[in-house]
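[1] Let me see the structure of the following:
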Amino acid sequence: ARMAGTNGLLLVGAKSKADALKVAAPESRAAVSYARVFAEESGRGLRLDSEYAALVAAEGYRKAASIRALCWFLLWGKTTGNTINCVRDRLLKGKLGSLTPFDLFVFVYYGPLFAVIG
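    Purely as a prediction, here's the structure:
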């Protein structure tokens, strides 16, 4: 958020897209608007399509594509991170029966990456 010219604490605490845009620097508003809708819609939906079109118009295709890629990276990191934490907790508590093959795959495949960057 700091690199985008916004106050990160105020931006995180924003309750709506309108609140987020009030905090964002004018040159960052298109990116903040897109990122907010991306998070609300989990990367899908008609609202996101129109926000992306506005982002491309404001920032150009290359920068808009980079912003979209960053949003996907953060969404996927959150999703896999939550799965890894859940599997870790179940393993430590001995609740092996509640783990699915997908849980174990994510833990084995992505766990080392999260151990390095975490």
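
[2] After the lowest-mean-pLDDT helix or strand in the chain, heading C-terminal, what element do we hit next?
    Taking mean pLDDT, DSSP states H and E as the measure, the chain has helix 8-12 as its least confident helix or strand, at a mean of 58. Tracing the chain past helix 8-12, the next element assigned as helix or strand by DSSP states H and E is helix 17-23.

[3] So what's the gap between that following helix and the chain middle?
    The chain centroid and the centroid of helix 17-23 are separated by 18 Å under Cα atoms, centre = their mean, to the nearest Å.

[4] in the next helix or strand after it, what counts as buried?
    Scanning forward in sequence from helix 17-23 by DSSP H and E, the next helix or strand is helix 29-41. Along helix 29-41, the positions that meet the burial threshold by neighbour count (16 or more other Cβ atoms under 10 Å) are Arg29, Ala30, Ala31, Val32, Ser33, Tyr34, Ala35, Arg36, Val37, Phe38. Bear in mind the C-beta positions are built from the backbone N, C-alpha and C, glycine included.

[5] Next, format these as a markdown table and append pLDDT and distance to Leu48.
    Below are the buried residues of helix 29-41 laid out as a markdown table (pLDDT from 0 to 100; distance: Cβ to Cβ, whole Å):
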| residue | pLDDT | distance to Leu48 |
| --- | --- | --- |
| Arg29 | 84 | 17 |
| Ala30 | 89 | 13 |
| Ala31 | 88 | 14 |
| Val32 | 87 | 14 |
| Ser33 | 89 | 11 |
| Tyr34 | 93 | 8 |
| Ala35 | 89 | 11 |
| Arg36 | 88 | 11 |
| Val37 | 91 | 6 |
| Phe38 | 93 | 6 |
